[in-house]
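Enquirer: model the following, please.
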Amino acid sequence: MVTKDERAQFAAELKQRFEALATWAIEQSPDKASPLTRADFDAARKEITVIAEGKSDMGDRNSAVPEPSEDGPQYVNVNPAPWP
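Expert: Numbering: from 1, shown residues only. Next up is the predicted model:
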C-alpha cells in the first residue's frame, strides 16, 4: 500500500519532471515561426495531475480482472468496436 507521503513525493517529482520537459521543449522547438508555448502543454498538464493525484481508475479496472493464472482471460479487449 502506498502511503500519503510517498504519493505526495511522487506527485511533486512527476510534476517537476513534466515542467522541466515542457520548458526544454519550448526552448528547443525548431519552429520559430510558430513556437511552442506553456499553453500547448495544458491538456497534458491536466492528465499528469490526474495521474499524480491517483484519481485514475486504471488500478481499479485492472484489479477487477483476475490474472490468467487465476483462470482469468489472457487478453482483455479495451478498444470499442468500430461503427458498422
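Enquirer: please make it C-alpha for all contacts and neighbour counts, starting now.
Expert: Will do.
Enquirer: any idea how many residues pack against F41?
Expert: 16 (other Cα atoms under 10 Å).
Enquirer: could you measure from it over to A8?
Expert: 22 Å (Cα to Cα, to the nearest Å).
Enquirer: now swap in I48 and tell me
Expert: When I48 is compared with A8 (using Cα to Cα), they lie 13 Å apart.
Enquirer: same check, this time on D71
Expert: 36 Å.
Enquirer: next: E27.
Expert: Taking Cα to Cα, one finds E27 at 29 Å from A8.
Enquirer: same deal with D31?
Expert: 36 Å.
Enquirer: equivalent analysis for W83, please.
Expert: 42 Å.
Enquirer: between these two, which is the more surrounded one?
Expert: A8 (14 against 4).
Enquirer: so which strand or helix has that one?
Expert: helix 4-28 (DSSP states H and E).
Enquirer: following element in sequence after that helix, please.
Expert: helix 42-52.
Enquirer: and that next one, what does it pack onto?
Expert: helix 4-28 (3 or more Cα pairs under 8 Å, 6 or more residues apart in numbering; DSSP states H and E).
Enquirer: chain center to the helix it packs on: distance?
Expert: Relative to the chain's own centre, helix 4-28 is displaced by 12 Å; criterion: Cα atoms, centre = their mean, to the nearest Å.
Enquirer: what comes up buried for it?
Expert: A11, L14, K15, F18, A22, A25, I26 (16 or more other Cα atoms under 10 Å).
Enquirer: okay, now the unreliable bits of this protein?
Expert: Low-confidence segments of the chain (pLDDT under 70): 56-63.
Enquirer: just the CA trace of stretch 11-21, in CSV.
Expert: As requested, the backbone C-alpha atoms of stretch 11-21 are provided in CSV (Å, rounded to 0.1, in the frame of the first residue of the first chain):
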residue,chain,number,x,y,z
ALA,A,11,3.3,13.7,-7.4
ALA,A,12,5.8,16.5,-6.7
GLU,A,13,8.6,14.8,-8.6
LEU,A,14,6.3,13.9,-11.5
LYS,A,15,5.1,17.5,-11.9
GLN,A,16,8.6,18.8,-11.6
ARG,A,17,9.9,16.5,-14.3
PHE,A,18,7.0,17.3,-16.5
GLU,A,19,7.6,21.1,-16.1
ALA,A,20,11.3,20.5,-16.9
LEU,A,21,10.3,18.6,-20.1
